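Asker: When you get a sec, could you give me coordinates for this:
(one chain, ligands or ions: 2)
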Amino acid sequence: MRFEEYAIAGELKRSLGEFGYQKPTDIQFRAIPSILKGEDVLAIAQTGTGKTAAFAIPVLQLIHQQKKDRQAPFLRAIILAPTHELARQIHEVFQQLGKYSKVISLCLTGGVDQAPQIAALKKGVDVLIATPGRMFDLISQGFIKPDKVGILVLDEADHMLDLGFIKDIQDLTRLLPRKRQTLFFSATIDAAIKKVAYSLVHNPIRIQISPKNPVAKNIDHRVAFIGMDEKRFFLERLVHENPDSRIIAFVRTIVRAERVVAAMSRVGIEAQSIHREKEEADRMQVMENFKLGKVKLLIATDISARGIDIPNVDFVINYDLPEQAQNYVHRVGRTGRGKEKGLAISFCSPGEKPVLEEIESFLQKPILVLEIHPEDYRETLQMALDPNEDWKSLLKEAEEGEKGGKKTRKDSSNKKKARKKGK
Ligand code: ADP
Ligand code: MG
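Answerer: Ligands and ions are numbered 1, 2, ... in the order given. Sure, this is the predicted structure:
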């Protein structure tokens with residue numbers, strides 16, 4: 001079935017066409033009719049399968065329909081997301097798909113001045129796409145009145161209902177009308193969180209697609225065993241061998257992120273980092289640079305693991321393994337989106353093997369191993385010597401070359417290139 005045949009407004013069909021959406025994805029096909037009927041939905045589908053439009057299309061349709069009689073805007077729907085970046089991205093989808101509709105949407109995140117947000121709220125808004133912090137500030141200041149909100153959407157629902165946010169969400173639901181529609185979307189959910197979700201709704205329709213394999217099928221994901229102190233050399237090699245590729249490398253901490261950026265910079269590779277301690281303007285700039293391809297290597301903490309949709313990310317590298325097993329699914333899910341294919345490689349040090357086991361038990365299957373031949377391993381370390389030591393090794397190699405015609409470092413990397421080309 002094509003979107004053309006859906007019982008939705010012509011204004012939405014027009015923007016869907018312009019957006020290049022012709023047919024619904026599986027999750028859209030399953031979720032849209034239920035949401036249009038007013039049902040509560042818990043929808044679990046793999047990363048990159050179009051969950052945003054699965055709620056954006058019916059929410060826009062329902063509100064557009066309500067507004068036909070030229071009603072003034074009032075707050076009818078709240079969409080909550082865990083990060084500023086994701087809230088902005090969802091807002092973009094609402095704006096693009098809602099371009100010809102009567103629906104007014106606003107993105108509300110912290111980190112930026114609240115005055116323009118208050119001004120926009122005063123003018124009237126139908127849909128709010130927000131991170132919880134700023135939204136609660138503005139509720140307590142009296143600028144947001146959620147008492148007529150008929151639809152609440154939690155994107156990345158398991159994360160939103162996780163310890164950090166659950167109290168906020170419960171407080172919010174107390175302010176909403178009793179009769180409302182609640183929608184949960186995520187790629188992962190466990191039994192405990194499912195129970196919390198159910199406590200917030202009445203008779204939800206549960207929609208689950210490919211539950212047996214949480215990693216999207218377009219993603220080829222492998223684990224490579226690499227020593228902790230040697231990871232940077234392998235990242236360096238990957239970048240050099242794939243100069244046109246877009247790569248996201250995930251690290252465990254903010255300090256690690258900055259260290260990797262510095263290590264890459266020492267060998268002439270430009271990388272930028274994104275994490276919670278960055279100023280909002282910097283975070284936006286980094287995302288923009290990466291999306292435009294100005295910077296090809298993004299070093300991220302788990303902040304960007306959830307929901308971010310950047311086309312053509314060729315590789316996801318788990319430079320450090322994620323501490324929470326479900327984040328493995330979200331991190332590798334930044335590649336292989338929509339119809340694209342992607343490759344994800346986890347750099348696993350000996351100390352991280354227990355974490356790997358946890359991830360594998362979460363996935364209920366082992367991750368294929370990317371075998372690195374010992375000679376390749378040695379060569380990677382050799383090719384990527386720190387530039388501070390480089391002149392020393394060059395001198396040493398030159399001396400050895402003069403002495404006994406031994407292979408120099410240059411020879412070996414040329415040989416490597418030739419071998420790669422010949423493949
Ligand atoms: P998810 O939330 O499931 O991870 P997104 O909503 O971010 O996935 O969508 C992933 C990608 O698929 C986006 O680039 C989006 O534009 C694209 N997409 C979504 N729905 C469709 C559709 N019906 N036809 C074509 N592309 C789509
Ligand atoms: Mg999403």
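Asker: C-alpha only now, for contacts and for neighbours.
Answerer: Will do.
Asker: According to the record, where do the domains of the chain fall?
Answerer: 3-208, 219-404 (automatic domain parsing).
Asker: Let's have those domains in a markdown table, adding distance to ligand 1.
Answerer: Formatted as a markdown table, the domains of the chain follow (distance: least, CA to the nearest ligand atom, whole Å):
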| stretch | distance to ligand 1 |
| --- | --- |
| domain 3-208 | 3 |
| domain 219-404 | 4 |
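Asker: What's the mean pLDDT across stretch 337-353?
Answerer: For stretch 337-353, the mean pLDDT works out to 97.
Asker: possible to save the domains of the chain as a markdown table with mean neighbour count?
Answerer: Compiled in a markdown table, the domains of the chain are given as follows (neighbours: other CA atoms under 10 Å):
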| stretch | mean neighbour count |
| --- | --- |
| domain 3-208 | 18 |
| domain 219-404 | 18 |
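Asker: sec struct for residue 352, please.
Answerer: helix (DSSP: H, G, I helix; E, B strand; the rest coil).
Asker: wait, residue 336
Answerer: State at residue 336, reduced to three classes by three-state DSSP: coil.
Asker: Just give the nearest non-adjacent residue to it, would you?
Answerer: residue 342 (4.2 Å; CA to CA, 6 or more residues apart in numbering).
Asker: My guess is that neighbour contacts residue 335. True?
Answerer: Yes - with contact defined as CA atoms under 8 Å, residue 342 reaches residue 335; the gap is 5.0 Å.
Asker: quick one: common contacting residues for those two?
Answerer: Residues touching both residue 342 and residue 335 comprise 219, 313-316, with contact defined as CA atoms under 8 Å, 6 or more residues apart in numbering.
Asker: any idea where the strands of the protein begin and end?
Answerer: 41-44, 77-80, 105-108, 127-130, 151-155, 181-186, 205-208, 219-225, 247-250, 271-274, 297-300, 315-318, 342-348, 368-369 (DSSP state E).
Asker: which one of those has the lowest average pLDDT?
Answerer: Note on the strands of the chain: strand 205-208 shows the lowest mean pLDDT, a mean of 84.
Asker: I'd like to know which elements it is packed against.
Answerer: helix 26-36, strand 41-44 (3 or more CA pairs under 8 Å, 6 or more residues apart in numbering; DSSP states H and E).
Asker: ok, residues contacting it?
Answerer: Here strand 205-208 makes contact (CA under 8 Å, 6+ apart) with 27, 30-31, 34, 39-45.
Asker: Tell me which residues touch the residue nearest to residue 333 when sequence neighbours are not counted, please.
Answerer: By the measure of CA to CA, 6+ apart, the closest residue to residue 333 outside its immediate chain neighbours is residue 47, 5.2 Å from it. Shown in contact with residue 47 (CA under 8 Å, 6+ apart): 187, 215-216, 307, 329-330, 333-334, 337.
Asker: Go through those and name the one nearest residue 71.
Answerer: residue 307 (33.1 Å; CA to CA).
Asker: Tell me how far the closest one lies from residue 233.
Answerer: According to CA to CA, to the nearest Å, residue 307 and residue 233 sit 29 Å apart.
Asker: ok, now residue 160?
Answerer: Distance from residue 160 to residue 233, by CA to CA: 36 Å.
Asker: picking up where we left off before, look up the residues forming beta bridges with the residue nearest to residue 336.
Answerer: Bridge pairing for residue 342 (DSSP bridges) gives the partners residue 219.
Asker: Look up how far residue 168 lies from it.
Answerer: As judged by CA to CA, residue 342 and residue 168 stand 36 Å apart.
Asker: can you check residue 95 too?
Answerer: 26 Å.
Asker: Residue 380 too?
Answerer: In terms of CA to CA, residue 380 sits 48 Å off from residue 168.
Asker: Could you do residue 251 as well?
Answerer: 28 Å.
Asker: now do residue 55
Answerer: From residue 55 to residue 168 the distance is 22 Å (CA to CA).
Asker: Repeat that for residue 200.
Answerer: 13 Å.
Asker: Just confirm residue 219 contacts residue 342, I think it does.
Answerer: Yes - assessed by CA under 8 Å, residue 219 is found in contact with residue 342 at 4.8 Å.
Asker: Pull up the overlap in contacts between those two.
Answerer: Common contacts of residue 219 and residue 342 (CA under 8 Å, 6+ apart): 335-336.
Asker: show me the contacts for the residue nearest to residue 303 when sequence neighbours are not counted.
Answerer: With sequence-adjacent residues excluded and distances taken as CA to CA, 6+ apart, residue 303 is closest to residue 275, at 6.2 Å. If you count contacts by CA under 8 Å, 6+ apart, residue 275 has them with 254, 283, 300-304.
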